[in-house]
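> The following comprises the amino acid sequence and a computationally predicted model.
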Amino acid sequence: MLRLDSKNEYNQWFKPWKHKAKTMTLTNKIELMAPAGSFDSLQAALDNGADSIYFGVEQLNMRARSTVNFTIEDLPEIAKRCETKNVRSYLTLNTIIYDHDLSVVKTLLIKAKEANITAVIASDQAVIAMARSIAMEVHISTQLNITNIETIRFYSLFADTMVLSRELSLRQVKKITEQIEKEQIKGPNGNLVEIEIFGHGALCMAVSGKCYLSLHSHNSSANRGACKQNCRKKYTVIDQETGFEIELDNEYMMSPKDLCTIDFLDQVIDSGIQVLKLEGRGRAPEYVATVTKTYREAIDAYYKGTFSKEKTTVWMEALNTVYNRGFWSGYYLGQELGEWSDIPGSAATQKKVYVGKGTHYFPKAEVGQFKIEAYDIKVGDKILVTGPSRGAQEMIIEEMFVNDIAGEKATKGDDCSLKLPFRIRMSDKLYKIVEA
């Protein structure tokens, strides 16, 4: 492990940035940024139209415990897959950083730079300075709670892209983007500062995610990526003097509904932002696939001039099929605030049930074989196949072979062969999609 062993080395490490970071060229459309909590989700994002992805490595990110994070050894493969699709890759390194973390941060940034990861998303000045010293592009995390143009001006000395506070309205966002253009506020790469906002997914009750509930109740800091999600639970209020109890059975009063901007995405784009972030590193690959695909279609429709209310209805139906706590517009439209979930989990209209795992693929015949280990499947069922190389693929079964004989239904213990337009591997999982 690398260490900062002397004052001279420390000063050398935090030297001024002498080189401009490399950037990948995107179209003039806004950038669609998708979550990647695993290789399955990464591939799902790449296959469904993401312009960029963001991911965490081990413990120094805000989803350290909620998902299976990548390792340092995964960095070259992540970069390779993204470069193949001309997709930008962002390493999230945005937790609180302590002294004992510095050597780990240094190692991680060097490895990310060597692997050609596009940028780091940071909130701690130590991380920002380290990234600058090796000419790595920096994006300011929402954890710094940027809400005004003067803060933009300050961080433009260090960063090329900034995530605005989640609590701003679109009117406030638009004012900031207009001022950046008017005053020509540029980042270290010489281009105008780019503004990113949240577009879809989980919202936190705390300002920009800075919450201490989990730390006080479980000694598990949300600000170190170890949130226990106290706010998503149901509570009973007890009067300590009389013992009188009130059960809050009408809503989960600290659990906001999920953010959704699909039905006013035209207003979001008109606010002048450059990056739209989809939340969900802790969610399944089919969630990433569906949400990314839906927002990709909506963004493309806007630029083609075909964005319409009728289409937003169809897109909302698609978004409702995957994990969600119900939807609201967040703070963007300036309406009455505080739309809380009234359920403990997902309000998705569909769910997946595990069926079995892949055992073999016959490339010439384009047939995948699965061992059925749990749920029955039959011709006409909608299925989902997930895997590190395949991402998340859905299809309807039109025909099948059961134990090498043409059949209509496969049950536990059977070998089932299906015609597939994609390759499967032994690690891939087969699910059936059913109504929730």
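That came in fine, so what should we check first? Numbering: from 1, shown residues only.
> what sits up against the one helix or strand residue 44 maps to?
Secondary structure from DSSP states H and E places residue 44 in helix 39-47. Residues outside helix 39-47 that contact it (C-beta atoms under 8 Å, 6 or more residues apart in numbering) are 34-36, 53, 55, 70, 74, 77-78, 81-82, 85, 87, 281, 283-286, 288-289, 292, 386-392. Glycine gets a C-beta too; all of them are placed from N, C-alpha and C.
> Buried subset of the residues you listed, written for PyMOL?
To isolate the buried ones among the contacts of helix 39-47 in PyMOL, judged by 16 or more other C-beta atoms under 10 Å, type:
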select buried, resi 34+35+36+53+55+70+74+78+81+82+87+281+283+284+285+286+288+289+292+386+387+388+390+391+392
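> Okay, and which of the contacts of helix 39-47 map to helices?
77, 78, 81, 82, 285, 286, 288, 289, 292 (DSSP state H).
> Can I get those residues in CSV including distance to residue 350?
Shown next, in CSV, are those (distance: C-beta to C-beta, whole Å):
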residue, distance to residue 350
77, 31
78, 29
81, 28
82, 29
285, 15
286, 9
288, 15
289, 13
292, 17
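> from the residues you listed, which is closest to residue 148?
residue 292 (31.1 Å; C-beta to C-beta).
> What residues of the strand ranked longest in the chain count as buried?
Identified as the longest strand of the chain according to DSSP state E is strand 350-362. Buried positions in strand 350-362, judged by neighbour count with 16+ other C-beta under 10 Å: 350, 352, 355, 356, 357, 358, 359, 361.
> List the contacts of the first one.
When contacts are counted by C-beta under 8 Å, 6+ apart, residue 350 is found next to 321, 322, 433, 434, 435, 436.
> The same query, at a cut-off of 6 Å, please.
321, 433, 436 (C-beta atoms under 6 Å, 6 or more residues apart in numbering).
> Only whichever of these are buried, select them in PyMOL.
Buried subset of the contacts of residue 350, written as a PyMOL selection, criterion 16+ other C-beta under 10 Å:
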select buried, resi 321+433
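> Helices along the stretch 51-200 of the chain, start to end?
Ranges of helices within the stretch 51-200 of the chain are 75-84, 102-115, 125-133, 149-155, 170-183, based on DSSP state H, counting those that start in this stretch.
> what mean pLDDT does the shortest one have?
Mean pLDDT, helix 149-155: 98.
> Check which helix or strand residue 347 maps to.
Counting by DSSP H and E, residue 347 is found in no helix or strand.
> For the closest residue in space to it that isn't next to it in sequence, give me its contacts.
Nearest non-adjacent residue to residue 347, counting by C-beta to C-beta, 6 or more residues apart in numbering: residue 326, 5.0 Å away. Residue 326 makes contact with 257, 341, 347, according to C-beta under 6 Å, 6+ apart.
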